[in-house]
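Predicted structure and sequence below. I'll ask about it afterward.
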Amino acid sequence: MSGQSILLNARENRGRRFSSHERDQLRVTGLVPPARARTLAQEVERLLIRLRALPNVLSRYEHLMHVLASDEALFFAAAQNNLRTLLPMIYTPAVGDACLNYSDLAIPNRGMWIGVDQKGRVKDILANWPERNVDVIVVSDCERILGLGDLGANGMGIPVGKLLLYSACGGINPARCLPVVLDVGCNTPSIRSNEAYIGLDQDRVSGQDYDDFVHEFIASAMEKYGKSTLIQFEDFGNSNALRLLNKYREKVCCFNDDIQGTASVGLAGILTALRIPGVASDLKDHKFVFLGAGSAGIGIASLITLALVREGVPEDEARKKCWFVDSRGLVYKGRANVSDAKAPFAHEASPEVQAVANAGLLEVVKGLKPTGLIGVSTIRGSFSEDIIREMGSVNERPIIFALSNPTSKAECTAEEAYKFTEGRAIYASGSPFGSVQLPGHHTHLVPGQGNNSYIFPGLGLGIVLAGARHVPESMLLTAADTVSRLVDEEQLQVSCVYPDLSSLMDISAHIAHAVCQEAKALSLNEKNVDHLDIKTIREIMYEPGRGQI
Ligand SMILES: NC(=O)C1=CN([C@@H]2O[C@H](COP(=O)(O)OP(=O)(O)OC[C@H]3O[C@@H](n4cnc5c(N)ncnc54)[C@H](OP(=O)(O)O)[C@@H]3O)[C@@H](O)[C@H]2O)C=CC1
Ligand SMILES: CC(=O)C(=O)O
Ligand SMILES: [Mg+2]
């Protein structure tokens with residue numbers, strides 16, 4: 001490749017970073033401005049200045065997508081070395097705004113939209129993807145994009161964003177990542193009424209037609225890329241997420257990020273909290289109330305159950321540590337409308353608890369006295385002052401996780417959680433909040449970002465390196481243990497239950513190592529992992545700025 005074609009290729013293009021010798025050799029002299037070659041560090045710095053000068057979230061998102069499409073090394077070097085700054089611009093919360101407005105954004109196309117109108121032709125369509133080798137596919141039908149609902153084809157920002165994190169935080173080569181939207185229609189009138197809407201203008205298909213289409217996609221992807229390609233299900237609606245996971249988890253190498261990745265990051269935060277003075281140090285001495293009993297909530301509770309079983313607690317007893325409140329109130333045995341997924345967590349409720357079951361979350365908290373309150377409901381403000389105060393009155397250090405995304409959907413803010421508990425809350429949120437200094441307090445408090453982005457990049461890397469045939473729950477447990485172990489004293493001092501976000505590449509190397517070992521222990525690895533110590537994994541991770549920044 002040489003001349004103009006190299007400048008038009010995002011993977012090869014280095015724009016103004018080509019040396020004069022390279023410019024001559026590659027025949028791009030004159031095609032780039034004549035000023036002396038710049039370094040990657042200089043270009044990254046310039047990009048950050050430019051981003052700061054842009055007026056809003058969407059303009060920054062658009063700018064970054066253009067950089068990505070023209071100079072991949074610059075994009076990922078900037079991201080990997082400035083995760084705290086760039087993650088919120090390419091992932092939550094910005095990606096929420098981006099998806100809401102996707103049809104109107106001036107950005108290059110990225111990923112594959114496969115429409116249900118192409119049923120029967122999915123294999124042919126996949127053949128249009130230019131790369132022969134794919135390690136990870138993130139696929140969404142976009143029915144539940146973050147807490148924003150059904151955004152149809154606009155949801156592409158999510159598979160794209162997740163895969164950007166696979167490279168920026170997990171060191172997977174971006175050339176081997178495939179974002180896919182299965183466009184099965186959209187039931188949100190405001191999205192479809194935009195005359196520029198990029199998706200199919202039809203209602204969602206469901207039932208057998210839906211299942212056949214998803215199946216055709218999975219079978220075609222396996223046929224084209226092989227059985228070791230990892231499929232990550234992302235942001236499927238509640239009626240399909242667990243169903244599809246259960247259908248495919250033993251058949252293909254796949255996991256559902258909203259169920260399992262979230263479970264792992266949720267458990268990691270809880271395990272870390274056990275190390276904070278004032279919190280009961282034994283998981284079995286805790287009780288959790290979840291607001292929201294969908295993919296994320298049921299996922300976290302199921303993994304807490306597994307962690308307790310690992311400690312010798314009988315499964316039935318373990319499940320009783322987790323209680324759910326859904327859109328109809330407390331979930332308990334004998335209540336109407338308890339789905340199969342919720343049923344294992346529908347416990348016998350004492351008459352006192354039943355008496356408050358329809359009275360709202362505050363009464364449930366008063367009745368059950370949980371040690372932890374976990375928000376996965378998409379309802380902003382649902383952890384009201386009263387509820388947070390109640391958590392503070394029954395716990396020395398209440399665990400309060402507001403995990404709904406994006407920021408606009410968080411059950412409570414970091415400041416609310418700290419203020420209403422006099423700084424005693426151990427708080428984490430799905431989308432980032434800044435640190436908080438309460439009046440009269442010496443130290444600032446740092447909310448952890450309880451987001452599955454701590455998990456899936458390293459988990460995926462481990463799966464790919466091991467050539468794992470399946471993704472058993474024990475891999476999610478081991479990922480949670482690993483993340484929790486990496487939280488240092490300094491973080492604990494400021495009540496933060498997650499490791500420093502800017503070290504995600506290192507965290508991912510640790511997770512990948514643990515996952516490789518787990519794959520080997522279960523004989524699930526198609527590839528030899530014996531040589532893969534943490535240092536070796538870290539060295540083979542994709543990192544365009546290595547040694548230059
Ligand atoms: N931090 C992270 O890493 C992650 C965060 N999330 C976030 O979690 C949220 C939920 O995701 P997910 O579980 O997949 O979504 P689901 O659609 O699967 O579940 C949503 C749940 O919220 C419940 N709910 C809705 N309204 C209310 C209400 N007013 N009061 C109580 N419960 C209510 C629903 O109740 P019902 O069952 O009765 O309909 C349902 O159980 C989203 O905002 C998502 O962005 C998700 C994955 C990862
Ligand atoms: C983080 C994530 O996966 C979600 O909010 O859906
Ligand atoms: Mg998700």
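Perfect, thanks for sending it. Numbering: from 1, shown residues only. Ligands and ions are numbered 1, 2, ... in the order given.

If we ignore the residues flanking it in sequence, what's nearest Gly448?
Closest residue to Gly448 apart from its sequence neighbours, by Cβ to Cβ, 6 or more residues apart in numbering: Tyr498 at 3.6 Å. Heads up, the C-betas are built off the backbone N, CA and C, glycines and all.

Also Glu416?
Per Cβ to Cβ, 6+ apart, closest to Glu416 is Ile388, 6.3 Å.

next one: Leu163
In space, Leu163 is closest to Cys177, 4.0 Å off (Cβ to Cβ, 6+ apart).

Quick check: that neighbour touching Val134?
Yes. With contacts defined as Cβ atoms under 8 Å, Cys177 counts as touching Val134 at a distance of 7.2 Å.

Which of the two has more residues huddled nearby?
Higher neighbour count among Cys177 and Val134: Cys177, with 24 against 18, using other Cβ atoms under 10 Å.

For the more buried one, give its distance to ligand 3.
Separation of Cys177 from ligand 3 (Cβ to the ion, to the nearest Å): 16 Å.

got it, and Ala318?
Separation of Ala318 from ligand 3 (Cβ to the ion): 26 Å.

so where does that residue fall, helix or strand?
Taking DSSP states H and E as the definition, one finds Ala318 inside helix 315-319.

Show me which residues of that helix are buried.
Ala318, Arg319 (16 or more other Cβ atoms under 10 Å).

Going along the chain from it, find the next helix or strand for me.
strand 322-326.

and Ile6, how far is that from ligand 2?
36 Å (Cβ to the nearest ligand atom, to the nearest Å).

quick check, that residue in a helix?
Yes. According to DSSP: H, G, I helix; E, B strand; the rest coil, the state of Ile6 is that of a helix.

Now do stretch 312-330: everything it contacts.
The contact list for stretch 312-330 (Cβ atoms under 8 Å, 6 or more residues apart in numbering) reads 283-284, 286-294, 297-298, 301, 304-305, 308-309, 331, 335-337, 342, 344-347, 349, 353, 356-361, 364, 368, 370.

any idea of the mean pLDDT in that stretch?
Averaging pLDDT along stretch 312-330 gives 97.

Next: stretch 244-262.
Average pLDDT, stretch 244-262: 98.

Tell me where the stretch 401-549 of the chain has helices.
Assigned by DSSP state H, counting those that start in this stretch, the stretch 401-549 of the chain shows helices spanning 414-419, 456-466, 473-485, 489-493, 504-521, 534-540.

Make JSON lines from those and add distance to ligand 1, mean pLDDT and mean neighbour count to it.
Formatted as JSON lines, the helices of the stretch 401-549 of the chain follow (distance: least, Cβ to the nearest ligand atom, whole Å; pLDDT from 0 to 100; neighbours: other Cβ atoms under 10 Å):
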{"stretch": "helix 414-419", "distance to ligand 1": "14", "mean pLDDT": "98", "mean neighbour count": "23"}
{"stretch": "helix 456-466", "distance to ligand 1": "9", "mean pLDDT": "98", "mean neighbour count": "29"}
{"stretch": "helix 473-485", "distance to ligand 1": "12", "mean pLDDT": "98", "mean neighbour count": "23"}
{"stretch": "helix 489-493", "distance to ligand 1": "18", "mean pLDDT": "97", "mean neighbour count": "12"}
{"stretch": "helix 504-521", "distance to ligand 1": "14", "mean pLDDT": "98", "mean neighbour count": "24"}
{"stretch": "helix 534-540", "distance to ligand 1": "24", "mean pLDDT": "98", "mean neighbour count": "14"}
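
Can you report how many residues lie near whatever residue of the stretch 301-450 of the chain ends up closest to ligand 1?
The minimum distance from the stretch 301-450 of the chain to ligand 1, using Cβ to the nearest ligand atom, falls at Gly430 (2.9 Å). Counted with other Cβ under 10 Å, residues neighbouring Gly430 total 29.

Asp533 too?
Neighbour count for Asp533, taken as other Cβ under 10 Å: 13.

Spit out the contact partners of it.
Neighbour list for Asp533: His513 [criterion: Cβ under 8 Å, 6+ apart].

And Val138, which helix or strand is it part of?
Element membership for Val138, per DSSP H and E: strand 136-140.

His347 and Lys333 touch, don't they?
Yes. With contact defined as Cβ under 8 Å, His347 reaches Lys333; the gap is 6.0 Å.

So which of these two has more stuff around it?
His347 (18 against 12).

So the closest residue in space to that one that isn't next to it in sequence versus Val313, what's the distance?
Leaving aside its chain neighbours, His347 sits nearest to Lys320 (5.4 Å; criterion: Cβ to Cβ, 6+ apart). Using Cβ to Cβ, to the nearest Å, Lys320 is found at 10 Å from Val313.

host element of Asp386?
Going by DSSP H and E, Asp386 is in helix 385-394.

Show me how this protein divides into domains.
3-82, 94-252, 261-452 (automatic domain parsing).

wait, which of the ones you listed is closest to Ile540?
domain 94-252 (7.6 Å; Cβ to Cβ).

The residue lying closest to Asn81 once chain neighbours are set aside: neighbour count?
Spatial nearest neighbour of Asn81, chain neighbours left out: Ile549 (5.1 Å); criterion: Cβ to Cβ, 6+ apart. Neighbour count for Ile549, taken as other Cβ under 10 Å: 16.

Ile549 is in contact with Val44, isn't it?
Yes. Counting by Cβ under 8 Å, Ile549 does reach Val44; the two are 6.6 Å apart.

Common neighbours of the two, please.
By Cβ under 8 Å, 6+ apart, the residues touching both Ile549 and Val44 are Ala77, Asn81.

Can you read off the pLDDT for Asn358?
Asn358 carries a pLDDT score of 84 in this model.

give me every residue that touches it.
Gly329, Leu330.

what's the distance between it and ligand 3?
Distance from Asn358 to ligand 3, by Cβ to the ion: 30 Å.

next one: Val436
Val436 sits 26 Å away from ligand 3, going by Cβ to the ion.

What sits closest to the residue in the chain that ligand 1 sits nearest to if chain neighbours are left out?
Relative to ligand 1, the nearest point of the chain is Gly294 (1.8 Å; Cβ to the nearest ligand atom). Sequence neighbours aside, Asn238 is the residue nearest to Gly294 in space, at 4.7 Å (criterion: Cβ to Cβ, 6+ apart).

mind listing what that neighbour touches?
Contact analysis of Asn238 by Cβ under 8 Å, 6+ apart lists Arg144, Gly294, Ser295.

SS state for Glu22?
Glu22 ends up helix, using three-state DSSP.

and it, what is it in contact with?
By Cβ under 8 Å, 6+ apart, the residues touching Glu22 are Arg14, Val28, Ala37.

Identify the residue spatially nearest to the last one, adjacent ones excluded.
Using Cβ to Cβ, 6+ apart and skipping residues adjacent in sequence, the residue nearest Ala37 is Ser19, 4.7 Å away.

Quick check: the one you found touching Thr39?
No. The pair Ser19 / Thr39 is not scored as a contact, 10.5 Å apart, by Cβ under 8 Å.

Need the phi and psi values for Ala78.
phi -60, psi -50 (degrees, to the nearest 10).

wouldn't it be in contact with Leu86 here?
Yes. Using Cβ under 8 Å, Ala78 makes contact with Leu86 at a distance of 6.2 Å.

ok, the two, which is more surrounded?
Ala78 (28 against 23).

List the residues that contact the nearest residue to that one once chain neighbours are set aside.
Of all residues not flanking Ala78 in the chain, Val44 sits nearest, at 4.6 Å (Cβ to Cβ, 6+ apart). For Val44, the contacting residues are Leu74, Ala77, Ala78, Asn81, Asn82, Gly545, Ile549, by Cβ under 8 Å, 6+ apart.

wait, what's in contact with the second one?
Neighbour list for Ala77: Leu40, Glu43, Val44, Pro544, Gly545, Gln548, Ile549 [criterion: Cβ under 8 Å, 6+ apart].

What score does it have for pLDDT?
Looking at Ala77, its pLDDT reads 98.

between the host helix or strand of it and helix 504-521, how many degrees?
According to DSSP H and E, Ala77 maps onto helix 72-81. Counting by axes from the mean of the first three to the mean of the last three Cα atoms, to 10 degrees, helix 72-81 lies at 90 degrees to helix 504-521.
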